[in-house]
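> Just a sequence and a predicted model for now, questions to come.
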Amino acid sequence: MRLRHIRDAEEKIASSPYVVQEPQKEKGSWAERFGKKDPIEIEVGMGKGRFIMELAESHPDKNYIGIERYSSVLLRALEKRGQTELTNIWFLCVDAGELTDIFEKGEVSKIYLNFSDPWPKDRHAKRRLTSPRFMAVYDQILAADGSLEFKTDNEALFRYSLESIAACGWKICSHTFDLYHSDMAKGNVMTEYEAKFAAEGKKICRLTALR
Ligand code: SAM
């Protein structure tokens, strides 16, 4: 049943006009794919895409790419995408580890990581999207003055990320353990997970980093 579900999702994604099917072929020429040279911002692990679609709608002067590795999850974003008229957003069904094959050095101006899977066991630390392995990927594709933003409800993951990001030579520009009671709340755009956690009264952590 599950396999059939995944196969159905993969077929729908393969024929979707909103998904770039061979993103490696766009490396270095994403501006042409968008038809404009505006800054490119990406969300890695976008889930159902609420956050990045809202950004795309409110910033028509920027280009957006939502990245999600699971076809069954991406499918949910596509359903929502079909109800919009956006012209500045594409979706990719790929793993974050592949991003250096998809973007040229410095091609991305901002990276968002929202409520990334915490992988609490030490032996799974390499899978965390703020681990040195992934920071090295972001370092390759992000413009020299580009930035990274990370939000999570998971304090242990947040503390790990503060250390890991700094240890990789990035500068933490700002951070908070309680977003809604900080001056970082201004202009905050909620994600699906965030809305759920906020409704439960959980504190949200957020950081921004540069190199
Ligand atoms: N960002 C969304 C939000 O805040 O509502 C979704 C959060 S969800 C907990 C994390 C998402 O990241 C999942 O959909 C998962 O499949 C995706 N993800 C995790 N690791 C990934 C990776 N290495 N590459 C691409 N997507 C990944």
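It's in.
> what's the longest strand in this protein?
In the chain, with assignment by DSSP state E, the single longest strand is strand 142-152.
> buried sites along that one?
Using 16 or more other C-beta atoms under 10 Å as the test for burial, strand 142-152 gives Leu142, Gly146, Ser147, Leu148, Glu149, Phe150, Lys151, Thr152. C-beta: built from backbone N, CA, C; applies to glycine.
> do you know how far the residue nearest the centre of the chain is from Glu11?
Residue closest to the mean C-alpha point of the chain, counted by C-alpha atoms, centre = their mean, is Glu43 at 1.9 Å. Computed as C-beta to C-beta, to the nearest Å, the Glu43 to Glu11 distance reads 24 Å.
> next one: Glu104
30 Å.
> Between these two, tell me which one has more neighbours.
For Glu104 and Glu11, the more surrounded residue by other C-beta atoms under 10 Å is Glu104, and the numbers stand at 14 against 11.
> wait, isn't that one in contact with Gln24?
No: look at Glu104 against Gln24 with C-beta atoms under 8 Å: they stay out of range, at 11.2 Å.
> ok so, going back, give me the sheet partners of the longest strand of the chain and which way each runs.
strand 108-114 (parallel), strand 205-210 (antiparallel) (DSSP bridges).
> Assign the closest residue to Glu68 other than its chain neighbours to helix, strand or coil.
Distance criterion C-beta to C-beta, 6 or more residues apart in numbering; nearest residue to Glu68, sequence neighbours excluded, is Leu74 at 4.5 Å. Secondary structure, DSSP: H, G, I helix; E, B strand; the rest coil: Leu74 is helix.
> quick one: secondary structure of the residue nearest to Lys110 when sequence neighbours are not counted?
Distances taken as C-beta to C-beta, 6+ apart place Glu41 nearest to Lys110, at 4.1 Å, with adjacent residues excluded. At Glu41, secondary structure determined by three-state DSSP is strand.
> Please name the residues that touch Glu41.
Leu55, Lys62, Asn63, Tyr64, Ile65, Val108, Ser109, Lys110, Ile111, Tyr112 (C-beta atoms under 8 Å, 6 or more residues apart in numbering).
> If I look at the fifth one, what pLDDT would I see?
Spelled out, that is Ile65. We have a pLDDT of 98 for Ile65.
> In which helix or strand does Gly201 reside?
Counting by DSSP states H and E, no helix or strand carries Gly201.
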